[in-house]
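> no FASTA, just this:
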């Protein structure tokens, strides 16, 4: 089983940038679809960005398209989320997720069965 640990969250002002990291350990990380999801207070968890097993195919939520970039380094068993031009509405707990049965960049939350503990991102306006 893969274990995921996120890092890189924090408090910053609107317009700033942040890079989240997700370190994977356990069974092979390669071949798994990976994604970032977020959950704001009082809201359901939502899709942010996903990547296929190689990093060659990605998908983004409309709300972050052009501002966020997902990438992965299979040699380091890591996935990243580069976030630029952050807005107050980006405030949420960000979760890294892996799908043990999907290699394509699927955007459906229920397709991911392995989750990290989350990292808080707070953007002040």
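Noted; the coordinates are in hand. These numbers come from a predicted model, not from an experiment.

> CA only for contacts and neighbour counts going forward, please
Will do.

> Hmm, residue 117 is touching residue 5, no?
Yes: counting by C-alpha atoms under 8 Å, residue 117 does reach residue 5; the two are 6.6 Å apart.

> Between these two, which has more neighbouring residues?
residue 5 (18 against 14; other C-alpha atoms under 10 Å).

> Where does the prediction get shaky in the protein?
Within the chain, no stretch has pLDDT under 70.

> Just give the nearest non-adjacent residue to the residue most central in space within the chain, would you?
Most central in the chain under C-alpha atoms, centre = their mean is residue 36, positioned 2.0 Å from the mean C-alpha point. Residue nearest to residue 36 in three dimensions, not counting chain neighbours: residue 96, with 4.7 Å by C-alpha to C-alpha, 6 or more residues apart in numbering.

> What backbone torsions are found at the one you found?
phi -90, psi 140 (degrees, to the nearest 10).

> OK, contacts around it?
Each residue near residue 96 by C-alpha atoms under 8 Å, 6 or more residues apart in numbering is listed here: 4-6, 22, 34-37, 115-116, 118.

> Can you tell me how far it is from residue 15?
23 Å (C-alpha to C-alpha, to the nearest Å).

> Equivalent analysis for residue 55, please.
Residue 55 is 27 Å from residue 15, by C-alpha to C-alpha.

> now residue 122
For residue 122 relative to residue 15 (C-alpha to C-alpha), the value is 12 Å.

> which one of the two has more residues nearby?
Remark: of residue 122 and residue 15, residue 122 carries more neighbours, 21 against 14, as counted by other C-alpha under 10 Å.

> residues contacting the more buried one?
Counting by C-alpha under 8 Å, 6+ apart, residue 122 has contacts 9-12, 88, 90-92.

> Give me the buried subset of the residues you listed.
Burial by neighbour count, 16 or more other C-alpha atoms under 10 Å: within those this picks out 9, 12, 90-92.

> quick one, strands of the chain?
Listed in chain order, the strands of the chain (DSSP state E) span 2-7, 10-13, 18-26, 33-39, 46-51, 58-60, 68-73, 78-83, 92-99, 114-115, 119-124.
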